[in-house]
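*Asks:* Sequence first, predicted coordinates after that:
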Amino acid sequence: MKRRHEQHAISDDEQIARYAHVLGNIPTSVADKAYAAAFARLSVAQREEIVDRLREQLPVAPEEPASIDPYAFATLMRDLHARYALTDVPGAAALATAFVTSPPVVAYFTTGAGSVSIDHQPPWLHDLAGHETAPIDGGRAHHRPGTKGDEWYGAWTIGGE
């Protein structure tokens, strides 16, 4: 039986940490799609707020389409300065949540290359991908025939002893 973790409110700092973890574990092509999907999920006011705050913090201000077009925003987020500045922007936690739970990220860890390494990911990512982790040995210490205690152990020893 699978135990469900209690649902609790996740702090903004935890949302940003989860975003950083996912961002560090997905390829750029998936990140671009996730940024576009996450940005599209935000309200127009949230989009404008995020892009306006980024304009204040970046050495080169983003162009106008970045506040309207999700794909222009994804292109902007390829810049490491923009990614770093995003963590200090009010409303970034909403974008981080939308990024982590976006269909491209979920697909990457469910059926994509990330599904191969899902066992090495944190439990919250297992829950997101719908991955159930089984116990290491399911309570059995020996999984192969020929271990002491098996009735036909002698058949595998020299001379049947």
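*Replies:* It's in.
*Asks:* Next, the contact list for the residue most central in space within the chain, please.
*Replies:* For the chain, the residue sitting closest to the mean C-alpha position, by C-alpha atoms, centre = their mean, is Val22 at 3.8 Å. Val22 sits next to Ala34, Phe99, Val100, Val105, Leu125 when contact means C-beta atoms under 8 Å, 6 or more residues apart in numbering. The C-beta positions use only the backbone N, C-alpha and C, and glycine is treated the same way.
*Asks:* what about the fourth one, distance to Pro90?
*Replies:* Shown here: Val105 relative to Pro90, a distance of 23 Å by C-beta to C-beta, to the nearest Å.
*Asks:* For those two, work out which one has more neighbours and name it.
*Replies:* Set Val105 next to Pro90 and count neighbours by other C-beta atoms under 10 Å: Val105 wins out with 28 against 11.
*Asks:* residues near the residue nearest to that one when sequence neighbours are not counted, how many?
*Replies:* Nearest residue to Val105, sequence neighbours excluded (C-beta to C-beta, 6 or more residues apart in numbering): Ala34, at 5.0 Å. Using other C-beta under 10 Å, Ala34 has 27 neighbouring residues.
*Asks:* Same check on Gln46?
*Replies:* With other C-beta under 10 Å as criterion, Gln46 counts 16.
*Asks:* Which strand or helix spans it?
*Replies:* Per DSSP states H and E, Gln46 falls inside helix 44-57.
*Asks:* Work out the gap between that helix and the centre of the chain.
*Replies:* 24 Å (C-alpha atoms, centre = their mean, to the nearest Å).
*Asks:* Using neighbour counts, pick out the buried residues of the next helix or strand after that helix.
*Replies:* Using DSSP H and E, the helix or strand that follows helix 44-57 towards the C-terminus is helix 70-76. For helix 70-76, burial by neighbour count (16 or more other C-beta atoms under 10 Å) applies to Pro70, Ala72, Phe73, Ala74, Thr75, Leu76.
*Asks:* Now flag whichever of those is closest to Thr110.
*Replies:* Nearest to Thr110 among the buried residues of helix 70-76, counting by C-beta to C-beta, is Ala74 at 21.0 Å.
*Asks:* Would you mind listing the residues in contact with the closest one?
*Replies:* So Ala74 contacts Ala31, Asp32, Lys33, Tyr35, Ala36, Phe39 (C-beta under 8 Å, 6+ apart).
*Asks:* Just give me the closest of those to Leu80.
*Replies:* Among these, Ala31 lies closest to Leu80 (C-beta to C-beta), at 12.1 Å.
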